[in-house]
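Peer 1: Below: sequence and its predicted model.
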Amino acid sequence: MKKNILLVFLTLFVLSATSQDFFHGEFNHRKKYVILTNPTVRNIQTVRYLVNADLLDVQKGKTRFVGVYYEGQNYDFSQTKEYIEKNNLKKFYLHEVKGNLKEDDLFETNSCTAELNTIFENSVAVFFFGGPDIPPGVYGEENTRSVVTDPGRHYFETTFLFHLLGGFNNENYEPLLNQKPGYLVTGFCLGMQTMNVATGGTLIQDIPAEIFGADNPEAALKIGRANLHRNYWQEMVEDTLLMGINLHTIKFTENPFFGDFVKVPKRWEPRVYSSHHQAAEKLGKGLEITAMSPDGKIVEGLAHSTFSNVFAVQFHPEVPGLYEDLYVRKFHPEDEPMSYNDIIGKQSVKFHERYWGHISEIIRKAKNRTKK
């Protein structure tokens, strides 16, 4: 009899650990839960790398990761569930949010509000990852140069960030972070763009065309390598070693974020992994610029003026190739192939390590404050 009870208990435990309804089941309230939006297999692999490399140093015994996604997204998250089970990832879980989001109800109480409140109450941080273009209608513009492939994902991540931070689109809405100001909200590339849009900002829909008047790859290359945010050579010549990205420098603004919190000298101009064609234009409510592109035309970092643990970057500090010699690539057809790690150099690697160090410290110091 005892064996049967134990078997049932173990079965239920395994099912709850790998279910896609994590926060509605029984879970350990003493652990810290970090939310990963758009938990594709690739994003889970990236977080695993960061943790195993001690870049994301978040007390492995206490911290767990919950991949949260919206039922209306295009990605098949059963692949992620299978990946977690196959690799016996005991610290990764999934939670599907159900609802009927529409473009005109993202900045108010909607069908996902209750779920977002539950997720927030039971977690200490959330990451927003890179991805495709946001539907311009979300920020009140017509689609002139955007390529939209997964509107459901953008509706969900936009409303999630709006619930967390509030914004110009509904200034009477009380942001969730008023309840827990130390909560970490951060994003990379699309994640920063979504943060800006969610708080009432807008986007440049295509940097080469709108900023430089370059309407084709050949014209874009004339902008100059230092000011390109992706590699257009791959559209001009056939070469399997050409990288699709650019590794350009950034400049810090007078905002104290990088100096006081990340603790890097203001004179540093680190080289970063850049892969985008859109950028923040009008800033959302409470957001301040922390870094710019070399030409001063593109926002490379944002931080919140009220919530000190809310910040994002336009580049990709999460890419494993920045920290190890994983493979070699080149930007120009005549360049010597090199690893990303060698191209950016030791000082830029140190910058990225300190950036993750700041994120890690916030999570380590976070208090659970979960409902029991």
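Peer 2: All right, it came through fine. Numbers count the residues shown, from 1 in each chain.
Peer 1: pretty sure A219 is in a helix, no?
Peer 2: Yes - under DSSP: H, G, I helix; E, B strand; the rest coil, A219 falls within a helix.
Peer 1: Make sure it is actually in contact with P208.
Peer 2: Yes - contact criterion C-beta atoms under 8 Å: A219 and P208 qualify, at 7.1 Å. Heads up, the C-betas are built off the backbone N, CA and C, glycines and all.
Peer 1: mind checking how far P151 is from N38?
Peer 2: P151 sits 13 Å away from N38, going by C-beta to C-beta, to the nearest Å.
Peer 1: higher neighbour count, the two?
Peer 2: Using other C-beta atoms under 10 Å as the criterion, P151 and N38 rank with N38 on top: 25 against 19.
Peer 1: pLDDT score assigned to the closest residue to K263 other than its chain neighbours?
Peer 2: Closest residue to K263 apart from its sequence neighbours, by C-beta to C-beta, 6 or more residues apart in numbering: R354 at 6.0 Å. In the predicted model, R354 carries a pLDDT score of 98.
Peer 1: ok, A219 and P208, which is more surrounded?
Peer 2: The neighbour comparison of A219 against P208 (other C-beta under 10 Å) goes to P208, with 23 against 14.
Peer 1: Are we agreed that the more buried one is in a strand?
Peer 2: No - read with three-state DSSP, P208 is helix and lies in no strand.
Peer 1: residue ranges for the helices of the chain, please.
Peer 2: Along the chain, counting by DSSP state H, helices occupy 2-18, 41-52, 78-86, 113-121, 151-165, 190-198, 207-212, 217-221, 340-365.
Peer 1: Compare those and give me the one nearest Q179.
Peer 2: Proximity to Q179 (C-beta to C-beta) singles out helix 113-121 among those, at 8.0 Å.
Peer 1: can you pull the buried residues of that closest one?
Peer 2: Using 16 or more other C-beta atoms under 10 Å as the test for burial, helix 113-121 gives 115-116, 119-120.
Peer 1: can you redo these as JSON lines with pLDDT and distance to V185?
Peer 2: Below are the buried residues of helix 113-121 laid out as JSON lines (pLDDT from 0 to 100; distance: C-beta to C-beta, whole Å):
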{"residue": "E115", "pLDDT": "98", "distance to V185": "17"}
{"residue": "L116", "pLDDT": "98", "distance to V185": "13"}
{"residue": "I119", "pLDDT": "98", "distance to V185": "12"}
{"residue": "F120", "pLDDT": "98", "distance to V185": "10"}
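Peer 1: Run me through the strand neighbours of the longest strand along the chain, direction for each.
Peer 2: Of all segments of type strand in the chain, defined using DSSP state E, the longest is strand 63-70. Applying DSSP bridges to the sheet, strand 63-70 is found paired with strand 32-37 (parallel), strand 92-97 (parallel).
Peer 1: about what we covered before: columns distance to L161 on top of the buried residues of helix 113-121, output as CSV?
Peer 2: Supplementary listing: the buried residues of helix 113-121 in CSV, determined by distance: C-beta to C-beta, whole Å:
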residue, distance to L161
E115, 15
L116, 10
I119, 13
F120, 11
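Peer 1: Out of the helices of the chain, flag the one nearest E142.
Peer 2: helix 207-212 (13.4 Å).
Peer 1: The closest one - what's its average pLDDT?
Peer 2: 98.
Peer 1: how close does S146 sit to E174?
Peer 2: 31 Å.
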